[in-house]
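Engineer: task: produce atomic coordinates for the following.
(one chain, ligands or ions: 1)
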Amino acid sequence: MKRVLQKLKPSTASIQALILALVVTGAASQVAGQVGTGQTVIQKATEQFENSPLKTTVLGQGLFMFSGDGGDVTAIVDSGSTLLIDSGVDTRVTELSDAIFKATMRPVTRLVNTHWHFDHTGGNVFFGSAGVTIIAQETVKKRLSSVQNVPFVGLRDGRYPPEALPTIIYSSIMTLHQGPQQLLLVNYGPAHTDGDTVVYVSPANVAVVGDIFSNHFYPIIDLASGGSIDGMIHSVDEILARTDVQTKIVPGHGPVATRADLEEYRDMLMQVRQRIMDLIAAGKTIEEAVAAAPTKQFDAKWGSGYVPPNVFTKMVFSSLTYGGSTGR
Ligand SMILES: [Zn+2]
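Structural biologist: Alright, predicted model coming up:
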C-alpha cells in the first residue's frame, strides 16, 4: 500500500485521505479505533484504480464507456467533439485521454461530473487546463472549490485549482445536446453525496448513474457529504421509474448493467436497511449490529468489492441513527 500512496501526487493522496476520513467520520464517529476499517476501503479502491486495465466498451453508435481507472467514464460523440461524463483518477488521465481519442477520434470539449469524489473528478485538471467546459450540480463546485473540513480527524483539504472547477452548474435539472442525443441531467437530492447527477441519454436509452449504483458492490454512502441510505433508495427508485428493460445503465463502478440489476440492488438496499432498523429498534450498538451480520445473505454477491460487509453495515447504521433517515 505504501508503494501506491507514494506514487500519488499529494493532492490525490490528501483527497483520498479526506474520503477515508469521510467514511470513517460518518460511519464510526461514535466508536473509537475504526480507522483501520476505513483505510482498508480506500486502500483497496486505490489499488484497484491504479492497477486495473483500462477497458473500452461500445454502448452504441457514438457512445463509449471506459472503465478501470477509477469511476466509469462515458463518452458521447457528435460530428466534431466528444462530451465526457466523469474523468477517472488523475494518475491515469493521459492513458484515459489517449483511449478516448482512439475510440472517438474527436477532441473532448465538455465534461460532466456525476459527483465530486477523486475517482470521478481526478482528470478535471487535465481536461480543464485544455479548455474543456466542466459541468456539474452546484454542490460539486462548492465542494471542489473550497477546503473540506472534517473535524473528527482535524483534516482540511479538498480544494481543486480553478481550471478543474465546473463553470456550468445547475440545481435540480438541466438539458444538454450532443449530436443526435439529448442529455437530461437530474439531481434527486442527496444520495451518495449531496451533489449527485444522473444523466439520461436519449434516444440512445442510456442512463449514467454515478456512484448511486456500483455493479455489483456495496456502495459507499458519503454521510459527511450529505449522503444517506434513504436518499440512495429514493434516487434508485427515481431511476427505475425513468428506465425500461432496454436501458443500458452505466454504474459508478463495474460493468454496464440492466434495469433488472438495479432492481436487485434496490431490493438489497431495502432489506439491509430494514434489518438494521430492526437492530436499532432493539437497542443494539453499532458493533452489535455488525456482529449480527445483517448483510449476510447478500455478501456473496455484493461483498467482494472495496466496501466490505462490516463497513457497509456501519454506514447504513450511522445513516439511520445520526440524521440520515430524515435528512434526504
Ligand atoms: Zn463516489
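Engineer: interface residues of the stretch 101-250 of the chain facing the ion?
Structural biologist: Within reach of the ion by Cβ under 5 Å from the ion, the stretch 101-250 of the chain has these residues: His117, Asp211. For every residue, glycine as well, the C-beta is placed using N, CA and C.
Engineer: so which helix or strand takes in Asp211?
Structural biologist: Counting by DSSP states H and E, the element that carries Asp211 is strand 206-214.
Engineer: give the contact list for Ala164.
Structural biologist: Neighbour list for Ala164: Thr121, Asn124, Val125, Gly128, Ser129, Ile134, Leu144 [criterion: Cβ atoms under 8 Å, 6 or more residues apart in numbering].
Engineer: distance check, Ile280 against Leu269.
Structural biologist: Remark: distance between Ile280 and Leu269 (Cβ to Cβ, to the nearest Å) = 16 Å.
Engineer: before we move on, back to that, top of the contacts of Ala164 by neighbour count?
Structural biologist: Greatest neighbour count in those, by other Cβ atoms under 10 Å, goes to Thr121: 32 neighbours.
Engineer: how about that one, nearest residue that isn't a chain neighbour?
Structural biologist: The shortest distance from Thr121 to any non-neighbouring residue, by Cβ to Cβ, 6 or more residues apart in numbering, is to Asn113 (5.2 Å).
Engineer: now swap in Gly128 and tell me
Structural biologist: Glu163 (4.0 Å).
Engineer: just checking, that neighbour touches Thr133?
Structural biologist: No - distance between Glu163 and Thr133: 11.2 Å, which falls outside the contact criterion (Cβ atoms under 8 Å).
Engineer: got phi/psi on Thr57?
Structural biologist: phi -120, psi 130 (degrees, to the nearest 10).
Engineer: how about the one 5 residues further on?
Structural biologist: Backbone torsions of Gly62, given as degrees, to the nearest 10, read phi 70, psi 20.
Engineer: now swap in Tyr200 and tell me
Structural biologist: phi -100, psi 120.
Engineer: give me the beta-bridge partners of it?
Structural biologist: Note on Tyr200: beta-bridge partners by DSSP bridges are Leu184, Ala207.
Engineer: hang on, it packs against Ala207?
Structural biologist: Yes - the pair Tyr200 / Ala207 is scored as a contact, 5.4 Å apart, by Cβ under 8 Å.
Engineer: and for these two, which residues touch both?
Structural biologist: Going by Cβ under 8 Å, 6+ apart, residues that sit against Tyr200 and also against Ala207 are Arg242.
Engineer: looking at these two, which one has more neighbours?
Structural biologist: Ala207 (25 against 21).
Engineer: that one and Pro251 touch, don't they?
Structural biologist: No - using Cβ under 8 Å, Ala207 is not in contact with Pro251; the gap is 9.7 Å.
Engineer: quick one on the thing from earlier: how about the residue nearest to Gly128, what does it touch?
Structural biologist: Val125, Gly128, Ser129.
Engineer: repeat for Thr114
Structural biologist: 71, 85-86, 120, 196-199, 208-211, 252.
Engineer: just the buried subset of these, please.
Structural biologist: Neighbour-count burial (16 or more other Cβ atoms under 10 Å) is assigned, among the contacts of Thr114, to 71, 85-86, 120, 196-199, 208-211, 252.
Engineer: okay if I get the residues you listed as JSON lines plus distance to Asp244 and pLDDT?
Structural biologist: Shown next, in JSON lines, are the buried ones among the contacts of Thr114 (distance: Cβ to Cβ, whole Å; pLDDT from 0 to 100):
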{"residue": "Gly71", "distance to Asp244": "24", "pLDDT": "96"}
{"residue": "Ile85", "distance to Asp244": "20", "pLDDT": "98"}
{"residue": "Asp86", "distance to Asp244": "24", "pLDDT": "98"}
{"residue": "His120", "distance to Asp244": "26", "pLDDT": "94"}
{"residue": "Asp196", "distance to Asp244": "22", "pLDDT": "98"}
{"residue": "Thr197", "distance to Asp244": "21", "pLDDT": "98"}
{"residue": "Val198", "distance to Asp244": "15", "pLDDT": "98"}
{"residue": "Val199", "distance to Asp244": "16", "pLDDT": "98"}
{"residue": "Val208", "distance to Asp244": "16", "pLDDT": "98"}
{"residue": "Val209", "distance to Asp244": "15", "pLDDT": "98"}
{"residue": "Gly210", "distance to Asp244": "20", "pLDDT": "98"}
{"residue": "Asp211", "distance to Asp244": "23", "pLDDT": "95"}
{"residue": "Gly252", "distance to Asp244": "21", "pLDDT": "98"}
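Engineer: so where do the helices sit in the stretch 51-200 of the chain?
Structural biologist: If DSSP state H, counting those that start in this stretch is used as the criterion, the helices of the stretch 51-200 of the chain fall at 93-104, 118-121, 124-129, 138-145.
Engineer: deepest of the ones you listed, which one?
Structural biologist: helix 118-121 (a mean of 28; mean count of other Cβ atoms under 10 Å).
Engineer: for the ion, what's its nearest residue on the stretch 51-200 of the chain.
Structural biologist: Here the stretch 51-200 of the chain gets closest to the ion at one residue, His117, 3.5 Å apart by Cβ to the ion.
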